[in-house]
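1. Return atomic coordinates for the entry below.
(one chain, ligands or ions: 1)
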Amino acid sequence: MIVYGTRAKLLKTEFIAEPCPNCNTHNSMQMNVFQKWAHIFWIPFFPIGKTGVSQCTHCQQVLKLKQMPPIIRLGYDNLKSQTNIPIWTFSGIGVIIVIAIAVSISEQQTAKKVTQMIPSLKKNDILHIKLKDNAYTLAKVNRVNKDSVFFFANNYQTDRITDIDNLKDKGYATKEDTLTIADLKGMNEKEQILDIER
Ligand SMILES: [Zn+2]
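-> Down below sits the predicted model:
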């Protein structure tokens, strides 16, 4: 279950010049500006605007934004214009960017490793192969002879890359297939070799 919703925090409080529309007392109207934000699991994700509440310190009347007469609403707008959106309301977006960068670096490192390993494959290396979109399988190297790589293809495919490890228990073909190292390099350039396990 994902817990999400909105929250608000008081940004600024000030007395405004206008008299209270209820008791007509001067210098009694306190204006409060709140920042609202969307949260997921209580982590602020992005700001969703501001809101305000006024309170008369004399008669205690509380006015929400929609209840404020235009002159009081103007006091809210003025005070609001003096506030900035706190940067922390973007925390979740920051977390997502950091994760995306980490994933990207990790993928680049894997791609580099695959490129380095293809010319020097060894028995029992396991290649993660993308056959097409949503079709992945494994190939286990049996032997390498000059430019030819002899391997056992896995008997099964999976439509999800995250399930590819489950294929290891399902068994490989008993008959060898062959690809040249040039073939494998070509496949790698087309991003069809996603990883090599040793
Ligand atoms: Zn009042």
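2. tell me which residues in the longest helix along the chain are buried?
-> Selection of the longest helix in the chain by residue count, based on DSSP state H, yields helix 91-117. Of all the residues in helix 91-117, those buried under the rule 16 or more other C-beta atoms under 10 Å are 91-92, 114, 117. The way it works is simple: take the backbone N, C-alpha and C, and place the C-beta from them, glycine included.
3. Repeat that for stretch 84-92.
-> For stretch 84-92, by 16+ other C-beta under 10 Å, it's 89-92.
4. End to end on it, go ahead and measure it.
-> End-to-end span of stretch 84-92 (C-alpha to C-alpha, to the nearest Å): 18 Å.
5. what does that stretch rub up against?
-> With C-beta atoms under 8 Å, 6 or more residues apart in numbering as the test, stretch 84-92 has contacts from 9, 11, 35, 37, 39-40, 43-47.
6. Just the buried ones from these?
-> Judged by 16+ other C-beta under 10 Å, buried ones among the contacts of stretch 84-92: 11, 35, 37, 39, 44-45, 47.
7. From the contacts of stretch 84-92, pick the one nearest Leu127.
-> Ile40 (37.5 Å; C-beta to C-beta).
8. tell me the pLDDT at the closest one?
-> Looking at Ile40, its pLDDT is 91.
9. and it, what are its bridge partners?
-> Taking DSSP bridges as the rule, Ile40 bridges to Tyr4, Ile43.
10. nearest residue to Asn22 other than its sequence neighbours?
-> Nearest residue to Asn22 in three dimensions, chain neighbours excluded: Gln61, at 4.3 Å (C-beta to C-beta, 6 or more residues apart in numbering).
11. residues near that neighbour, how many?
-> 15 (other C-beta atoms under 10 Å).
12. any idea how far it is from Val33?
-> Gln61 sits 18 Å away from Val33, going by C-beta to C-beta, to the nearest Å.
13. ok, which stretches of the protein are helices?
-> With DSSP H as the criterion, the chain has helices spanning 70-80, 91-117, 181-189.
14. now the angle between helix 91-117 and the shortest one, please.
-> Right, the one you point to is helix 181-189. 170 degrees (axes from the mean of the first three to the mean of the last three C-alpha atoms, to 10 degrees).
15. tell me the average confidence for helix 181-189?
-> Here the average pLDDT along helix 181-189 is 95.
16. one step back: which member of the buried residues of stretch 84-92 is positioned nearest the ion?
-> Nearest to the ion out of the buried residues of stretch 84-92 is Thr89 (C-beta to the ion; 32.4 Å).
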